[in-house]
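Asker: sequence and computational prediction follow.
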Amino acid sequence: MRTPFGSITSLLVMLVAGCNTVDPDECWVNNTSGGFGDDGPIPIGAGVGATSSGDFPGGAPLDYGGGGEANPCMAGRFVYFKPSDFPFVTTVHHDGPGPGGYQQAKCNLEFYDFREEGAKQWHCPFTIGMPLRTEHMGKISAIRAANLSVEITEAVAADRETNFELPSGIFCEKFIINVNKAFKETYPYLGASAVKK
């Protein structure tokens, strides 16, 4: 089970498609500190804290810069989900001690795919539903439902089989199917589902 603070470490998922090793002459990050005379891009080797894993200095992804020239280390996928992306509301009330009730979250998750030739951004609208109380997992509050949803959607986005190069419509259809499957495999007694809006 996820703790309320456990999701902080997994809110950000960055899988670098290019640049497994960073060459300071080839890659740069935005100079958020304003040092080196201005706030423009500077080489990663200049000591701004970026690593070969493609970490985000200052909380921002590697970016373009340098007079419109493409940053060769920008390729990758960027996913940032948080519990507030899953606003669960009760659709079937339940006051009894046993399992029952139902809640849903209409979400519209945002995805980015960074390539040397440019960045692509799109949204996937869908609905996640689950009971208010289950026999094996007990009460599922709205915040617990949201945290479980963050966990599952991030895991699916991080999976190697998730192809960010697909057209957005096809990507979303496959993503929703895989979220639904991941809920059932990870929490078989939860009764959660993900369906297209």
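Answerer: Noted; the coordinates are in hand.
Asker: quick check: buried residues in stretch 123-133?
Answerer: Of all the residues in stretch 123-133, those buried under the rule 16 or more other Cβ atoms under 10 Å are 124, 126, 128, 129, 130, 131, 132, 133. (Glycine included, C-beta is placed from N, CA and C.)
Asker: CA atoms of that stretch as CSV?
Answerer: Extracted in CSV, the C-alpha atoms of stretch 123-133 (Å, rounded to 0.1, in the frame of the first residue of the first chain):
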residue,chain,number,x,y,z
HIS,A,123,-4.1,14.3,-23.5
CYS,A,124,-5.9,11.1,-22.8
PRO,A,125,-9.4,11.5,-21.4
PHE,A,126,-10.9,8.5,-19.6
THR,A,127,-12.7,7.4,-16.5
ILE,A,128,-11.5,5.3,-13.6
GLY,A,129,-14.0,3.7,-11.3
MET,A,130,-13.8,1.6,-8.1
PRO,A,131,-16.0,0.7,-5.1
LEU,A,132,-16.2,2.8,-2.0
ARG,A,133,-15.6,-0.3,0.2
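Asker: other SSEs contacting the helix or strand hosting residue 77?
Answerer: Element membership for residue 77, per DSSP states H and E: strand 76-80. In terms of contacts (3 or more Cβ pairs under 8 Å, 6 or more residues apart in numbering; DSSP states H and E), strand 76-80 is packed against strand 12-16, strand 102-115, helix 142-158.
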